[in-house]
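Trainee: sequence plus the predicted model coming up.
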Amino acid sequence: MLTDDEDLAELMQRAYRYALSLTHEPEAARDLVQDAAMSVSRRGGPWNIRFMTTVVRNRFIDLYRRARKVPFESLDDSVAAPLEDESVEGPVDEGLMDLILGSLKPSEREVLYLSAVEDYTTAEIAEMTGRPRGTVLSILHRTKHKLRHRLSHETGLRN
């Protein structure tokens, strides 16, 4: 249970950042968090980040499945990336980063966000998303590789 208003504000901020990683649209993320908070409130809690992210994720899936905006995407459909290891150094334009992150699949943004921002382990992400740990590892690896490739291609930077 939350102890004060600061804890609730922090919980809502973390839930919003997670929702934004799923939707990549600020307004949709706010609506998603509001729906999730109302759902948690109606159920009487618990008010913690693990439960809140689960509710946000479930609401996201329900809303977008209903609107048929989340088509089935096979893991085998990814574009073949070059074999060389590429990395990007230096500042990257925020608009470019937003464009590149927006081109990722929602499942890729979700796993990347939970790993990089929320600092969950792959086992915790697998439990939260209902995927096998190996699938989470694969998504995370391919997403990082895809980001490296796109950033280096867009900025013209190579090692």
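Mentor: Happy to help now that I have it. Numbers count the residues shown, from 1 in each chain.
Trainee: packing partners for the worst-scoring helix or strand of the chain on mean pLDDT?
Mentor: Lowest by mean pLDDT, DSSP states H and E among the helices and strands of the chain is helix 94-102, with a mean of 73. If you count contacts as 3 or more Cβ pairs under 8 Å, 6 or more residues apart in numbering; DSSP states H and E, helix 94-102 packs onto helix 133-155. The way it works is simple: take the backbone N, C-alpha and C, and place the C-beta from them, glycine included.
Trainee: tell me the helix or strand right after the least confident helix or strand of the chain.
Mentor: Note on helix 94-102: by DSSP states H and E, the next helix or strand toward the C-terminus is helix 106-116.
Trainee: who does that next one touch, helix- and strand-wise?
Mentor: By 3+ Cβ pairs under 8 Å, 6+ apart, helix 106-116 packs against helix 5-23, helix 49-66, helix 122-129, helix 133-155.
Trainee: in JSON lines: those helices, plus mean pLDDT, mean neighbour count and distance to Leu114.
Mentor: JSON lines is the format used below for these (pLDDT from 0 to 100; neighbours: other Cβ atoms under 10 Å; distance: least, Cβ to Cβ, whole Å):
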{"stretch": "helix 5-23", "mean pLDDT": "90", "mean neighbour count": "17", "distance to Leu114": "7"}
{"stretch": "helix 49-66", "mean pLDDT": "86", "mean neighbour count": "17", "distance to Leu114": "8"}
{"stretch": "helix 122-129", "mean pLDDT": "91", "mean neighbour count": "17", "distance to Leu114": "5"}
{"stretch": "helix 133-155", "mean pLDDT": "88", "mean neighbour count": "17", "distance to Leu114": "9"}
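Trainee: okay, which residue is most central for this structure?
Mentor: Closest to where the C-alpha atoms of the chain average out (Cα atoms, centre = their mean) is Glu110, at 2.0 Å.
Trainee: contacting residues around the nearest residue to Leu20 once chain neighbours are set aside?
Mentor: Distances taken as Cβ to Cβ, 6 or more residues apart in numbering put Ala29 closest to Leu20, at 4.1 Å, once the chain neighbours are dropped. Residues near Ala29 by Cβ atoms under 8 Å, 6 or more residues apart in numbering: 16, 19-20, 22-23.
Trainee: sweet, I'm off.
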